[in-house]
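Colleague: One predicted model, sequence on top.
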Amino acid sequence: MDTGTAATVKISELREIPPQFLREVIAIPPQAIKCCLADLPPNTGMWTPDAVLWLRDTVMNCPEFSMKVVKQNGSKGIAHVYLFAPENFPDVDRSVNRQIKKADLWKHQKDVFLSVTPSGTSSTKAMGDAVSAPRLTSGKLEKSFSDSAREPSSAVSTVDMPPPLLLSKTGELMDVYVSVACHPGHFIVQPWKELHNLEALMEEMILYYSRAEEKPVNIEKNKLYAAKIENQWYRVIIKGILRNGFLSVYELDYGKHEFVSIEKVQPLIDTFRKLPFQAITAQLAGVKSQQWSEEASIVFRNLVEKKPLVAQIQAVSESANSWDRKIVTFLVDTSHPDTDIWIHDFVSQSLVEFSKDD
């Protein structure tokens, strides 16, 4: 009620508020205010994962924002607002609303759900059936950490492209790190065993580009570049060229969409094209494909984002570009000493509880 976050807790962790404190507690109104951005494109419908993740990263990476309320929906308790970084207030043209409105994030196809075929490849459809979870025959899954169908972008020349990332075979286990989670229909995993190689690459890019002379770059859409974002250099593909000197880019190793100044972009030299791009777009297996509610999305993110997990891939949707490839996978949290948590089971149970509230 005070943070606006949905969470799951054990019953044993709940405590009743003592009667002598109850009056003081209820005297303070709930501090979380439900808001939505005003002046967005009409008939947007469900946001694309690209738009959701961009907004989340933009808001979460800024310590404070200014807000202008333009309308209040009393029946739903929602405030329609313009959101500003402090230095941009109150210029509406520089608001977060206008930035995301001008981007091409709305143009991407909504989630396309994959259904598993017996061969382990996949077919595509708008609303897929749930994938049956495998049964554990014995014991607990063991980790070895020590050891898009989205709308395809234009095909990129394979010259000087990294080799495609090798995935585990269908049904086999693969240690992964979830770098970004939007909802069960769209999240990003990275292979755990390659994280140290990625970190080494990032350090090499910082050293190289901090010494290299910055030169004007000929920017083309759907081409690979290096981009400086928050003092780090990333391998990116240009998704859109905006009128105000900014670019919409996709981080090929982390699966995030960002806006960067054209001045922060440099050519991606051959040395940094050898490691396969690490971001793998994924969809959770074992749950009914649907449009995910805010509550279900938040619960899912809390369960998986920024965590090492075990993946069991059920299907792969290949694409001409490695960053457009999408997998359907189970996720398992093996960090608990006594039991493994299959994420799809937890999500399914949460959906049942949310439907009761409706």
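Modeller: Alright, I've got the coordinates. Numbering: from 1, shown residues only.
Colleague: can you give me the end-to-end distance of stretch 262-269?
Modeller: Distance across stretch 262-269, first residue to last, is 17 Å (Cα to Cα, to the nearest Å).
Colleague: outside of it, which residues touch it?
Modeller: By Cβ atoms under 8 Å, 6 or more residues apart in numbering, the surrounding residues in contact with stretch 262-269 are 208-209, 212, 214-215, 217, 219, 224-229, 235-236, 238, 245-247, 249. Where C-beta positions appear, they are placed from N, C-alpha and C, glycine not excepted.
Colleague: What residues of it count as buried?
Modeller: Buried positions in stretch 262-269, judged by neighbour count with 16 or more other Cβ atoms under 10 Å: 262, 264-266, 268.
Colleague: Can you add distance to residue 190, secondary structure and pLDDT and give the residues you listed back as TSV?
Modeller: As requested, the buried residues of stretch 262-269 are exported to TSV (distance: Cβ to Cβ, whole Å; DSSP: H, G, I helix; E, B strand; the rest coil; pLDDT from 0 to 100):
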residue	distance to residue 190	secondary structure	pLDDT
262	28	helix	92
264	23	helix	93
265	23	strand	95
266	24	strand	95
268	19	coil	95
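Colleague: Taking those residues, tell me the two that lie furthest apart.
Modeller: Greatest spatial distance among these (Cβ to Cβ): 262 and 268, at 15.1 Å.
Colleague: Residue 30 contacts residue 77, correct?
Modeller: No. Using Cβ atoms under 8 Å, residue 30 makes no contact with residue 77, being 9.9 Å away.
Colleague: follow-up on the earlier one: format the buried residues of stretch 262-269 as TSV; extra columns: distance to residue 201.
Modeller: Listed next are these as TSV, based on distance: Cβ to Cβ, whole Å:
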residue	distance to residue 201
262	23
264	18
265	18
266	15
268	11
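Colleague: Run through the strands of the stretch 151-300 of the chain in chain order.
Modeller: Applying DSSP state E, counting those that start in this stretch to the stretch 151-300 of the chain gives strands spanning 173-183, 186-191, 224-229, 232-241, 246-251, 257-261, 265-267, 280-284.
Colleague: Looking at those, which is nearest to residue 83?
Modeller: Taking Cβ to Cβ, strand 257-261 is the member of the strands of the stretch 151-300 of the chain nearest to residue 83, at 14.5 Å.
Colleague: what sits up against the closest one?
Modeller: Applying Cβ under 8 Å, 6+ apart, the set of residues contacting strand 257-261 is 50, 53-54, 57-58, 99, 103, 105, 227-229, 236, 239, 242, 245-251.
Colleague: ok, now stretch 51-60?
Modeller: Outside stretch 51-60, the residues within contact range by Cβ under 8 Å, 6+ apart are 37, 65, 83, 96, 99-100, 103, 105-106, 180, 182-183, 255-259.
Colleague: Only whichever of the residues you listed are buried, select them in PyMOL.
Modeller: The PyMOL command for the buried members of the contacts of stretch 51-60 (criterion: 16+ other Cβ under 10 Å) is given here:
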select buried, resi 37+65+83+96+99+100+103+105+180+182+183+255+256+257+258+259
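Colleague: residue contacts, residue 304?
Modeller: So residue 304 contacts 178, 181, 187, 331, 333, 343 (Cβ under 8 Å, 6+ apart).
Colleague: Separate out the buried members of those.
Modeller: Neighbour-count burial (16+ other Cβ under 10 Å) applied to the contacts of residue 304 gives 178, 181, 187, 331, 333, 343.
Colleague: Can you pull out the low-pLDDT segments for this structure?
Modeller: Along the chain, the parts satisfying pLDDT under 70 run over 6-8, 10, 42-46, 61, 103-159, 354-358.
Colleague: residues near the residue nearest to residue 163 when sequence neighbours are not counted, how many?
Modeller: Using Cβ to Cβ, 6 or more residues apart in numbering and skipping the chain neighbours, the partner closest in space to residue 163 is residue 276 (5.5 Å). Residues near residue 276, counting by other Cβ atoms under 10 Å, number 18.
Colleague: Can we start the residue count at 58 from this point?
Modeller: Let's use 58 as the start, then, which means that last one is residue 333.
Colleague: roughly how far apart are residue 333 and residue 255?
Modeller: Residue 333 sits 10 Å away from residue 255, going by Cβ to Cβ, to the nearest Å.
Colleague: swap in residue 331?
Modeller: Separation of residue 331 from residue 255 (Cβ to Cβ) stands at 12 Å.
Colleague: any shared contact partners between the two?
Modeller: The overlap between the contact sets of residue 331 and residue 255 (Cβ under 8 Å, 6+ apart) is empty.
Colleague: which of the two has more neighbours?
Modeller: More crowded of residue 331 and residue 255, by other Cβ under 10 Å: residue 255, with 19 against 11.
Colleague: Please report how far that one lies from residue 311.
Modeller: Residue 255 is 9 Å from residue 311, by Cβ to Cβ.
Colleague: list residues touching both of the two?
Modeller: Counting by Cβ under 8 Å, 6+ apart, the contacts common to residue 255 and residue 311 are 247, 335.
Colleague: Confirm residue 394 sits in a strand?
Modeller: No. Applying DSSP: H, G, I helix; E, B strand; the rest coil, one finds residue 394 to be coil, outside a strand.
Colleague: Nothing else from me, thank you.
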